[in-house]
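In: Sequence and predicted structure, then a few things I'm wondering about:
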Amino acid sequence: MKFDLGCGPYEHVDCRIFTTAFRCVHHHELVSQTSGQDALDWDLRDDEGHLAANGLYYAVFRLEKDGAVETFTVKVMVLR
């Protein structure tokens, strides 16, 4: 799954994937993002390498650029 981050590059990108019970199953962090890299991929696996179960997840993003911080949340439905 690919998340479009808008116009980068960002100095710091933090993405955390949570279950509906707010248990963090995946954490992805980018520091000093390169120019032109404006998307983040999630392979639908948790931090231990197991496939994420079917269901609803929340992807919470924290983006830093030029001293400003932007946060947003995206709902993700995993169905196989």
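Out: That came in fine, so what should we check first? Everything numeric in this text was worked out from a predicted model, so none of it was measured.

In: Give the buried residues for the helix or strand of the chain with the lowest mean pLDDT.
Out: One helix or strand of the chain scores below all others by mean pLDDT, DSSP states H and E: strand 39-41, with a mean of 83. Of the residues in strand 39-41, Leu40 count as buried by neighbour count, 16 or more other Cβ atoms under 10 Å. Every residue, glycine included, has its C-beta placed from N, CA and C.

In: list the helices and strands that strand packs on?
Out: Judged by 3 or more Cβ pairs under 8 Å, 6 or more residues apart in numbering; DSSP states H and E, the packing partners of strand 39-41 are strand 2-4.

In: what's next to the helix or strand following the least confident helix or strand of the chain, contact-wise?
Out: Sequence order places strand 55-65 as the next helix or strand after strand 39-41, per DSSP states H and E. Residues outside strand 55-65 that contact it (Cβ atoms under 8 Å, 6 or more residues apart in numbering) are 3, 5, 8-20, 22, 25, 40, 42, 69-78.

In: Show me what secondary structure element comes after strand 55-65.
Out: strand 68-78.

In: Check which residues of that next one are buried.
Out: Those would be Val76, for strand 68-78 by 16+ other Cβ under 10 Å.

In: who touches it?
Out: So strand 68-78 is in contact with 1, 3, 17, 44, 52-64, going by Cβ under 8 Å, 6+ apart.
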